[in-house]
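Enquirer: Dropping the sequence and predicted coords here.
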Amino acid sequence: MARKVIPLGERVVVKPVSAEEVRKSGLIMPDTAREKPEQGKVVAVGRGRMTESGKLIPLDLKVGDKVLFTKYTGQEWREDNEDYLIVRESDILTKLR
Amino acid sequence: MARKVIPLGERVVVKPVSAEEVRKSGLIMPDTAREKPEQGKVVAVGRGRMTESGKLIPLDLKVGDKVLFTKYTGQEWREDNEDYLIVRESDILTKLR
Amino acid sequence: MARKVIPLGERVVVKPVSAEEVRKSGLIMPDTAREKPEQGKVVAVGRGRMTESGKLIPLDLKVGDKVLFTKYTGQEWREDNEDYLIVRESDILTKLR
Amino acid sequence: MARKVIPLGERVVVKPVSAEEVRKSGLIMPDTAREKPEQGKVVAVGRGRMTESGKLIPLDLKVGDKVLFTKYTGQEWREDNEDYLIVRESDILTKLR
Amino acid sequence: MARKVIPLGERVVVKPVSAEEVRKSGLIMPDTAREKPEQGKVVAVGRGRMTESGKLIPLDLKVGDKVLFTKYTGQEWREDNEDYLIVRESDILTKLR
Amino acid sequence: MARKVIPLGERVVVKPVSAEEVRKSGLIMPDTAREKPEQGKVVAVGRGRMTESGKLIPLDLKVGDKVLFTKYTGQEWREDNEDYLIVRESDILTKLR
Amino acid sequence: MARKVIPLGERVVVKPVSAEEVRKSGLIMPDTAREKPEQGKVVAVGRGRMTESGKLIPLDLKVGDKVLFTKYTGQEWREDNEDYLIVRESDILTKLR
């Protein structure tokens, strides 16, 4: 799964969960005016954020984490017929248990 | 209550208080032109804000805190038929006793 | 007075002084084109501003301070039939003796 | 003179010099397209600017300083029938000997 | 290959992979509405990013790295009949194995 | 010359060189589309720039320096029938030998 | 060559290479939609960038360096019938061997 990509810095690669899978999981997004996040699974993480003082801060996320992330964010990547998104950790809202 | 979500960084998950509950509580918002905050209850908090110097600053808020927050902020999350909002602590205005 | 709200961070809660009270106090705002501040009294203060280096800087203001603040700023809060404003200390221009 | 106001932070209170007084002083502003500053006298100063590292940097200006400041800046304040302006020290361009 | 250019600071020089080569490699970008990154190979790197504290942080990327980068980014450079792009490392999304 | 003004912070007072004087000096600006700087002479300098860490960094410029500065920048000041400009040192492009 | 100008801070003075010279050098810019940099030679450099912590970081560039820089950047300077550009080092993309 997305074995080719090594995210830089504070980026992570996420496999979005399809609407079908979301429906099955029983995690239905409300049908309202507010912005709704997307669900996905982290498949690769960068080595962290480099601060202005030159300190590397490792990411919070680990491969395998299920996450909610801001809709319409990130850039697409396709590998072995699967679609992925490359997003910044700061666009990840929450982990999901 | 929202057992599934683990907010990242300085985010918190809030259960908004319905207009009905607000009315019952006697905390009525004034009917004026200024922006009015919403009320809610914190149900999950992130581990804190990571500063540029790589220091983790824990959040002020704790699970159970009643809060006022900026209207129209945050992203929606639904779990077990309940609606939640994922917001940044900096969008929380005050705690409520 | 506003016993319910505990401001977060660098926020304060202000009880605006009505136009009537301002008139009585003899502190009349000039009738010109420039922006005019509003008057009020601080009824609650946050614990301070957290800097990037993780240091808590207490607010300048204390409960009871009379203040001038930027017009149209802040968010409204009503409690026990009284209107309050939640504003950032940085929107407070001066204290009043 | 403006005994009531105590500026917060890096703010100062300035008593603008009227066009009449400017004319008498012989300091006439040129009649060109460029922006022209206003003249005034400092009547109150804040305790200084708090930096991100939590250090208080006192203001350059002292009560009694004559100054030039950016036109149309600041907020008005009237006390004892006199008009004042509340401005940030950073909007003060120069002192005047 | 691009022997003439020595990138400054956090810039790198990338040889973009042509659509033809991408097709051959089997790495096909999905045909959707989201923004899609471009592929390329790093042919030169700057000496790093100089922080505000005067510390030089070397780049993550090395000459020879295959990368994905934000589309429409960078400035063009032609040498020996080959086209290159000069981009900031922060516009590089991931390395590719 | 401009004995009255004492610039604050990183500001300097410049006596612009007239088009007439520029012509005589043989330093003619090209007649092209790009923005062209103005010439002048520094007649007063502020005590320096105060950094976020509370350190005073003295200005590069000294009284008497001939300079090029960004056109249309600064604020006008007239004294003893002479026009001056109050500009930030950061708007000064170069000194002139 | 441009003996009169002494750039301030992180600025450098560049003698642009004419289209004629570029053609002769064999370094032809591609005729595409992307932004194309200009070529030039550094004839003067500032003493460096002063950081927020008051540290002077010398420039990367030296007099004599051949460079590529962002098009339409900088301000013009003419001396001894030659045109120069005053640009910030951060607008210089690469050195050229």
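Expert: That came through, no problem.
Enquirer: Find the closest residue to chain F in chain A.
Expert: Nearest to chain F, among the residues of chain A, is A:Glu52, at 11.6 Å (CB to the nearest CB). For the C-beta atoms, the positions are set from N, CA and C on the backbone; glycine is no exception.
Enquirer: pretty sure that residue contacts E:Thr51?
Expert: Yes - here A:Glu52 lies in contact with E:Thr51, judged by CB atoms under 8 Å, at a distance of 5.0 Å.
Enquirer: So which of the two has more stuff around it?
Expert: Neighbours per residue, other CB atoms under 10 Å in any protein chain shown: of A:Glu52 and E:Thr51, the larger number sits with E:Thr51, 18 against 15.
Enquirer: tell me the pLDDT at the more buried one?
Expert: E:Thr51 carries a pLDDT score of 82 in this model.
Enquirer: So A:Glu89 versus B:Leu61, what's the distance?
Expert: A:Glu89 is 21 Å from B:Leu61, where distance means CB to CB, to the nearest Å.
Enquirer: These two: who's more crowded?
Expert: Using other CB under 10 Å, the more surrounded residue of A:Glu89 and B:Leu61 is A:Glu89, with 22 against 18.
Enquirer: That one contacts A:Leu59, doesn't it?
Expert: Yes - shown here, A:Glu89 and A:Leu59 form a contact pair, counting by CB under 8 Å, at 5.2 Å.
Enquirer: any residues in contact with both of the two?
Expert: Shared contacts of A:Glu89 and A:Leu59 (CB atoms under 8 Å, 6 or more residues apart in numbering or on different chains): A:Glu10, A:Val12, A:Val45, A:Gly46, A:Arg49.
Enquirer: quick one, helices of chain A?
Expert: Secondary structure of chain A (DSSP state H): helices at A:19-25.
Enquirer: Read off the pLDDT value for A:Val22.
Expert: 64.
Enquirer: spatially speaking, which residue is in the middle of chain A?
Expert: The residue lying closest to the centre of chain A (CA atoms, centre = their mean) is A:Val14, at 3.8 Å.
Enquirer: and the gap between that residue and A:Ile6?
Expert: Plainly put, A:Val14 is 15 Å away from A:Ile6 if you go by CB to CB.
Enquirer: A:Gly74 - how many residues pack around it?
Expert: Count around A:Gly74 with other CB under 10 Å applied: 24.
Enquirer: For the closest residue to A:Gln39 other than its chain neighbours, give me its contacts.
Expert: Distances taken as CB to CB, 6 or more residues apart in numbering or on different chains put A:Val17 closest to A:Gln39, at 4.3 Å, once the chain neighbours are dropped. The contact partners of A:Val17, taken as CB under 8 Å, 6+ apart, are A:Ser25, A:Glu38, A:Gln39, A:Gly40, A:Lys41.
Enquirer: How many residues are close by the third one?
Expert: Spelled out, it's A:Gln39. A:Gln39: 19 neighbours (other CB under 10 Å).
Enquirer: who does it bridge with?
Expert: A:Leu68 (DSSP bridges).
Enquirer: I figured it was touching A:Thr70, is that so?
Expert: No - at 11.8 Å, A:Gln39 does not count as touching A:Thr70 under the criterion of CB under 8 Å.
Enquirer: Please identify the buried residues of stretch A:51-71?
Expert: Of all the residues in stretch A:51-71, those buried under the rule 16 or more other CB atoms under 10 Å in any protein chain shown are A:51, A:54-55, A:57, A:59-61, A:65-70.
Enquirer: before we move on, the earlier item: identify the residues contacting the residue of chain A closest to chain F.
Expert: B:Glu52, E:Thr51, E:Glu52, E:Ser53.
Enquirer: Any figure for the gap between it and chain D?
Expert: Plainly put, A:Glu52 is 12 Å away from chain D if you go by CB to the nearest CB, to the nearest Å.
Enquirer: From G:Glu52, how far off is that residue?
Expert: Distance, A:Glu52 to G:Glu52, by CB to CB: 9 Å.
Enquirer: Kindly report the same for A:Val43.
Expert: A:Val43 sits 39 Å away from G:Glu52, going by CB to CB.
Enquirer: of all of chain A, which residue lies closest to chain G?
Expert: Nearest residue of chain A to chain G, counting by CB to the nearest CB: A:Glu52, 9.3 Å away.
Enquirer: tell me the contacts of the residue nearest to the centre of chain A?
Expert: A:Val14 touches A:Gly40, A:Lys41, A:Val42, A:Val43, A:Val67, A:Phe69, A:Gly74, A:Tyr84, A:Leu85, A:Ile86, A:Val87, A:Ile92, counting by CB under 8 Å, 6+ apart.
Enquirer: Hmm, the second one is touching A:Val67, no?
Expert: Yes - look at A:Lys41 against A:Val67 with CB under 8 Å: they come within range, at 7.2 Å.
Enquirer: Enumerate every residue touching the residue lying farthest from the centre of chain A.
Expert: In chain A, A:Ser53 marks the outermost C-alpha relative to the chain mean, sitting 26.8 Å out by CA atoms, centre = their mean. Taking CB under 8 Å, 6+ apart, we find A:Ser53 in contact with B:Glu52, B:Ser53, B:Gly54, E:Thr51, E:Ser53, E:Lys55.
Enquirer: repeat that with 7 Å
Expert: Listed by CB atoms under 7 Å, 6 or more residues apart in numbering or on different chains, the contact set of A:Ser53 reads B:Glu52, B:Ser53, E:Thr51, E:Ser53.
Enquirer: All set, thanks.
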